[in-house]
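Student: sequence unknown, structure follows:
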């Protein structure tokens, strides 16, 4: 028997013909057990099986020795325990499936290297499907339905923001529960702040397109005139989220057409509600702690960090990515800097209020997905690398604050595939020259050339450290992440 738990890793013998993998040190309702088929095995088979399990245990010890933020296997043991978290940092790589992670790893640190997101002590996978209005599965999700799943614990239809699939009723989000429980809250993204992933935390909308007051065509019952909460932008600032950082200035520059703030832009509404509004990195550094912050660093999505030639029919000549995008303003803070500043501001608010509660922070690397849609491998890799630096920032904080649960995952899989150099894909492909000086070929064939590449319905990675981190082990569902965070913060 191979054990992973608070008492360590090891293999125990016995006369049973079944090999068992058991998670120890967790509440009984969370124990996950996998048993091999019970069949009569020869002594040689048992010996061989035992050798494999010993090797697996040895490998697991070696892995956890470098996985934890403390650099010791004890960190992995601690991560298997329950307990309450003072803080939760959730990092979402939008569209960041295993192929996207592998491509970024191969290009930046080498095939045998490891990214920061590879170094979590506990790793599992979760399923990502959405549902139709009648509750039957829709096997390929979008970011609205998948985000609703992890933000509320309820699956919904594609395009919907934190509402039920059939009755279109608002469902409480983990950010709302955290606020109610006395926690400081924040959301950081490289997309527009009104895009699907940040939207699921601080708004409820029939359709994800209803981002600003002028964008309400698909959400007639959500309008203020009909007694609804208004657009996603209006709801986000009305929620008084302590830190909102990202793009989407164009949505907040729209004028409110109904209600108390009629005639004002949403940005002006935010200022009326006490927000400090900033538009560049220098201003972000100087905002006062204790007052809410709205950072709008681009009219739309924040420009990517890297550029290069997009994939093409028949492939591209081997290329190196350009790691400095000339279309990205120099004063645009990167995702890691925004993450660090958000943590500082959230901590400062709680200290100012003499609160024993900590914070909930969501960080999204949004344009991994958007560059995947565009079949742009360099843009995609650069955004994955930027996200990985934000992961490093979060884990460095957790190393000094072990009562912090850090989770990194994706909302859904995407289209990039690493294929042999000699392959001739029917769709779009590109050949890159990695930092190891080797060529790697990337294929995008989830839609016809000239069309946006599509999401895939695959399960995706989820990894964690800190209180309740053991809950990510095995194969879970996206909705289980809501429960993990809720139990870690003890909010209901």
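Tutor: Sure, I can see it. All values reported here derive from a predicted model rather than from experimental measurement. Residues are numbered from 1 along each chain as shown.
Student: Need phi/psi at residue 310.
Tutor: Main-chain torsions, residue 310, degrees, to the nearest 10: phi -70, psi 160.
Student: I'd say it and residue 380 touch.
Tutor: No: Residue 310 is beyond contact range of residue 380, at 10.1 Å (criterion: C-beta atoms under 8 Å). All C-beta atoms are positioned from the backbone trio N, CA, C, and that covers glycine.
Student: out of the two, which sits in the busier spot?
Tutor: residue 380 (33 against 16; other C-beta atoms under 10 Å).
Student: Centre of the chain to the helix or strand that contains that one, how far?
Tutor: Assigned by DSSP states H and E, residue 380 belongs to helix 377-400. Averaging C-alpha positions (C-alpha atoms, centre = their mean, to the nearest Å) puts helix 377-400 11 Å from its chain's average.
Student: the inter-axis angle of the helix or strand that that helix is followed by versus helix 377-400?
Tutor: Next helix or strand after helix 377-400 toward the C-terminus (DSSP H and E): strand 404-410. Here strand 404-410 points in a direction 160 degrees away from that of helix 377-400 (axes from the mean of the first three to the mean of the last three C-alpha atoms, to 10 degrees).
Student: ok, residues contacting the following helix or strand past strand 404-410?
Tutor: Per DSSP H and E, the first helix or strand lying C-terminal to strand 404-410 is strand 416-419. By C-beta atoms under 8 Å, 6 or more residues apart in numbering, the residues outside strand 416-419 that reach it are 99-100, 102-103, 106, 372, 377, 380, 425, 429, 440-445.
Student: let's see 7 Å
Tutor: Residues from elsewhere that reach strand 416-419, judged by C-beta atoms under 7 Å, 6 or more residues apart in numbering: 99-100, 102-103, 372, 377, 380, 425, 440-444.
Student: possible to save these as CSV with secondary structure?
Tutor: Output for the contacts of strand 416-419, formatted as CSV (DSSP: H, G, I helix; E, B strand; the rest coil):
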residue, secondary structure
99, helix
100, helix
102, helix
103, helix
372, helix
377, helix
380, helix
425, coil
440, strand
441, strand
442, strand
443, strand
444, strand
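Student: Pull out the buried members of those.
Tutor: Listed as buried from the contacts of strand 416-419 are 99-100, 102-103, 372, 377, 380, 425, 440-444; burial here means 16 or more other C-beta atoms under 10 Å.
Student: which among these gets closest to residue 298?
Tutor: Nearest to residue 298 among the buried ones among the contacts of strand 416-419 is residue 380, at 18.3 Å by C-beta to C-beta.
Student: any idea how far that closest one is from residue 145?
Tutor: 22 Å (C-beta to C-beta, to the nearest Å).
Student: give the contact list for residue 83.
Tutor: By C-beta under 7 Å, 6+ apart, the neighbours of residue 83 are residue 467.
Student: for residue 405, same thing?
Tutor: Contacts of residue 405 (C-beta under 7 Å, 6+ apart): 85, 88, 464, 466, 467, 468, 469, 488.
Student: Can I get those residues in JSON lines including distance to residue 416?
Tutor: Output for those, formatted as JSON lines (distance: C-beta to C-beta, whole Å):
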{"residue": "85", "distance to residue 416": "33"}
{"residue": "88", "distance to residue 416": "29"}
{"residue": "464", "distance to residue 416": "25"}
{"residue": "466", "distance to residue 416": "30"}
{"residue": "467", "distance to residue 416": "34"}
{"residue": "468", "distance to residue 416": "32"}
{"residue": "469", "distance to residue 416": "28"}
{"residue": "488", "distance to residue 416": "32"}
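Student: So which of the residues you listed wins on neighbours?
Tutor: Of these, with other C-beta under 10 Å as the count, residue 466 tops at 29 neighbours.
Student: hang on, that one packs against residue 85?
Tutor: Yes: with contacts counted by C-beta atoms under 7 Å, residue 466 reaches residue 85, the gap being 6.0 Å.
Student: what do these two both touch?
Tutor: Both residue 466 and residue 85 are in contact with 404, 405, where contact means C-beta under 7 Å, 6+ apart.
Student: how far is the longest strand anywhere in the chain from where the chain is centred?
Tutor: Ordering each strand of the chain by length in residues (DSSP state E) puts strand 184-192 first. The chain centroid and the centroid of strand 184-192 are separated by 11 Å under C-alpha atoms, centre = their mean.
Student: Buried residues, that strand. List them.
Tutor: Neighbour count says strand 184-192 has 184, 185, 186, 187, 188, 189, 190, 191, 192 buried, by 16+ other C-beta under 10 Å.
Student: Would you mind listing the buried residues in stretch 270-279?
Tutor: 270, 275, 276, 277, 278, 279.
Student: what's the closest of these to residue 452?
Tutor: residue 279 (29.1 Å).
Student: check contacts around the closest one.
Tutor: Residue 279 makes contact with 296, 297, according to C-beta under 7 Å, 6+ apart.
Student: if we go to 8 Å?
Tutor: Contacts of residue 279 (C-beta under 8 Å, 6+ apart): 249, 295, 296, 297.
Student: picking up where we left off before, got the buried residues for the helix holding residue 380?
Tutor: 377-395, 397-399.
Student: about what we covered before: could you save the buried residues of strand 184-192 as CSV and add columns showing pLDDT and distance to residue 233?
Tutor: Below are the buried residues of strand 184-192 laid out as CSV (pLDDT from 0 to 100; distance: C-beta to C-beta, whole Å):
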residue, pLDDT, distance to residue 233
184, 98, 21
185, 98, 17
186, 98, 17
187, 98, 13
188, 98, 16
189, 98, 13
190, 98, 17
191, 98, 13
192, 98, 9
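Student: I'd like the residues you listed as a markdown table, with distance to residue 459 appended.
Tutor: What follows is the buried residues of strand 184-192, written out as a markdown table (distance: C-beta to C-beta, whole Å):
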| residue | distance to residue 459 |
| --- | --- |
| 184 | 32 |
| 185 | 28 |
| 186 | 28 |
| 187 | 25 |
| 188 | 25 |
| 189 | 23 |
| 190 | 24 |
| 191 | 23 |
| 192 | 27 |
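Student: Check those against residue 364 and report the nearest one.
Tutor: residue 189 (4.1 Å).
Student: surely that closest one meets residue 202?
Tutor: No: counting by C-beta under 8 Å, residue 189 sits too far from residue 202 to count as a contact (11.4 Å).
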